[in-house]
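[1] I need the structure of the sequence given here:
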Amino acid sequence: MHSIVGLVTGGGVAAFFFFSWVIQMLFNSIVVGHFGLLEPLSYWQAAGLWFLTIVLLAPVGIGTRRLHWNKWH
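    Numbers count the residues shown, from 1 in each chain. Below you'll find the predicted structure:
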């Protein structure tokens, strides 16, 4: 619960929606615009892709704060 409160109060929700937009713009300009490989992503598809990335990479610690372990662990 503490991490959810920190996420919301720390601007995490706004950052999520902003980075969803950034992912949409980058994907549509690079993959669709330059290579012509796939269909353009909608905003909600980009948000879903970003959310899936967060869920899959959070357990391994990518993008999270490092925990301070004592020297015996």
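[2] Any idea which helix or strand in this protein has the lowest mean pLDDT?
    helix 2-9 (a mean of 56; mean pLDDT, DSSP states H and E).
[3] Touching whichever helix or strand comes after that one from outside, list them.
    From helix 2-9 onward toward the C-terminus, using DSSP states H and E, the following helix or strand is helix 12-27. With C-beta atoms under 8 Å, 6 or more residues apart in numbering as the test, helix 12-27 has contacts from 6-7, 40-43, 45-47, 49-51, 54. (C-beta placed from N, C-alpha, C; glycine too.)
[4] now these: which count as buried?
    41, 46-47, 50 (16 or more other C-beta atoms under 10 Å).
[5] Between the residues you listed, which sits nearest H34?
    L41 (14.6 Å; C-beta to C-beta).
[6] for the protein, which spans come out with low pLDDT?
    1-10, 61-73 (pLDDT under 70).
[7] and the contacts of helix 12-27, which two are the farthest apart?
    G6 and P40 (33.9 Å).
[8] Roughly how far does N28 sit from T53?
    17 Å (C-beta to C-beta, to the nearest Å).
[9] same deal with F18?
    In terms of C-beta to C-beta, F18 sits 15 Å off from T53.
[10] Looking at these two, which is more packed in?
    T53 (14 against 11; other C-beta atoms under 10 Å).
[11] Who are the contact partners of that one?
    Contacts of T53 by C-beta under 8 Å, 6+ apart: none found.
[12] so which helix or strand takes in it?
    helix 43-57.
[13] Send me that helix as CSV with only the CA atoms.
    This file holds the C-alpha atoms of helix 43-57, laid out as CSV (Å, rounded to 0.1, in the frame of the first residue of the first chain):
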residue,chain,number,x,y,z
TYR,A,43,-3.0,6.0,-27.1
TRP,A,44,-4.7,3.3,-25.1
GLN,A,45,-2.7,0.6,-26.8
ALA,A,46,0.5,2.5,-25.9
ALA,A,47,-0.7,2.8,-22.3
GLY,A,48,-1.4,-0.9,-22.2
LEU,A,49,2.1,-1.7,-23.6
TRP,A,50,3.7,0.6,-21.0
PHE,A,51,1.6,-1.0,-18.2
LEU,A,52,2.6,-4.5,-19.3
THR,A,53,6.3,-3.4,-19.4
ILE,A,54,6.0,-2.1,-15.9
VAL,A,55,4.3,-5.2,-14.6
LEU,A,56,6.8,-7.6,-16.2
LEU,A,57,10.0,-5.7,-15.3
